[in-house]
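[1] with the sequence up front, the predicted model follows.
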Amino acid sequence: MSIFDDDRPKKPSAHEIGSDLSLLSVDELKARVALMQAEIARLEAEIATKASGRKAAENLFRS
């Protein structure tokens, strides 16, 4: 590792919504799509978890 490694520009690892996409390669765009799809799946799983918890609570108080 060189002492000059810190001077190199670093590519962002995450996608920022609304950012300029014109400078990204096809591979970088595909990687960002995969990243966003994984995040969507994670959000949907959390929604399902919260919805089932709420439904269980509603059923408990209806009894």
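    Happy to help now that I have it. Numbers count the residues shown, from 1 in each chain.
[2] which stretch of helix or strand covers the residue nearest the centre of the chain?
    For the chain, the residue sitting closest to the mean C-alpha position, by CA atoms, centre = their mean, is residue 39 at 3.3 Å. Taking DSSP states H and E as the criterion, residue 39 maps to helix 26-62.
[3] centre of the chain to that helix, how far?
    Centroid separation for helix 26-62 versus its chain: 11 Å, with CA atoms, centre = their mean, to the nearest Å.
[4] could you do stretch 15-26 as well?
    Remark: stretch 15-26 is offset 15 Å from the chain centroid, using CA atoms, centre = their mean.
[5] pull out the buried positions in that stretch.
    residue 15 (16 or more other CB atoms under 10 Å). From N, CA and C alone the C-beta is placed, and that goes for glycine too.
[6] and the helix holding residue 39, what's buried?
    So helix 26-62, judged by 16+ other CB under 10 Å, has buried residues residue 32.
[7] quick one: mean pLDDT for that helix?
    The average of the pLDDT scores along helix 26-62 is 90.
[8] which SS class is residue 19?
    Under DSSP: H, G, I helix; E, B strand; the rest coil, residue 19 falls in the coil class.
[9] mind listing what the closest residue to residue 36 other than its chain neighbours touches?
    Distances taken as CB to CB, 6 or more residues apart in numbering put residue 15 closest to residue 36, at 6.2 Å, once the chain neighbours are dropped. Residues near residue 15 by CB atoms under 8 Å, 6 or more residues apart in numbering: 32, 35-36.
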